[in-house]
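Q: below: sequence and its predicted model.
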Amino acid sequence: MDSEILLHEKDFTDIILIFDFDPQDPSYSPSILEDMLLHFDDSTSSGKLFINYPMVESYKDFKSLHDPDFATSTVDALTLKTRHKDNNQYKALVNARSFVNNWNQITKTVGNYIIKSKKGKIESLLDMTHRTDIYRNFYTFQTNHFRQYDEVYIVNTSLLHLYDEYGLIATND
């Protein structure tokens, strides 16, 4: 095809990899994810891996714009393993309780709130005296928490790439 547009490596400045934690999956392996986090740690070279806890739907797991329960919200392994129609029970719960039903509801203000809430939750759960390898440290924290309590804290880290690279969304408010 003469008019075919080809993409080249030089056309991209960042490689972002997004992975769901999914500890209920039979193929889940903490050591493989740890190795992946070590290897994929730079978005401008091999790529940067962001893990969503427990899965991508966690971006909208808020009951309201200022959900007082978000800072301590978790999901247990049984909820992740249980199927509800074609989805697991967690996806069904998020769809039922979230104030975000579609992308059009995410204004700049709501987007900033979501990003700040996710970042703040990680910072409140981790000892932030060591600010290096925050995502790998959070993965270790989540893995240990899951082993001990059979639950994970609900945090979508893939959204934090935007914050890490560009800061909050500019608003005219």
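A: Nice, thanks for sending it over. Numbering: from 1, shown residues only.

Q: going forward, measure contacts between C-alpha atoms and count neighbours the same way
A: Will do.

Q: longest helix anywhere in this structure?
A: In the chain, taking DSSP state H as the definition, the longest helix is helix 108-125.

Q: that one packs against which elements?
A: strand 155-156, helix 160-166 (3 or more C-alpha pairs under 8 Å, 6 or more residues apart in numbering; DSSP states H and E).

Q: least confident of those, on average?
A: Comparing mean pLDDT over these, the weakest stretch is helix 160-166, at a mean of 82.

Q: hmm, back to that, any residues touching the longest helix of the chain, and which ones?
A: 59-60, 65, 71, 138, 155-157, 159-160, 163, 168-171 (C-alpha atoms under 8 Å, 6 or more residues apart in numbering).

Q: hmm, which two among those residues are most spread apart?
A: 138 and 171 (29.6 Å; C-alpha to C-alpha).

Q: more neighbours: the two, which one.
A: residue 138 (18 against 9; other C-alpha atoms under 10 Å).

Q: test my guess that the more buried one contacts residue 126.
A: Yes. Taking C-alpha atoms under 8 Å as the definition, residue 138 is a contact partner of residue 126 at 6.9 Å.

Q: tell me where the model's unsure across the chain.
A: For the chain, the stretches flagged by pLDDT under 70 are 1-3, 7, 9, 128-131, 172-173.

Q: all helices for it, in order.
A: Going by DSSP H, the chain shows helices at 30-39, 77-81, 89-97, 108-125, 134-149, 160-166.

Q: nearest spatial neighbour of residue 16, chain-adjacent residues omitted?
A: In this structure, residue 16 finds its nearest non-sequential neighbour in residue 48, 5.2 Å apart by C-alpha to C-alpha, 6 or more residues apart in numbering.
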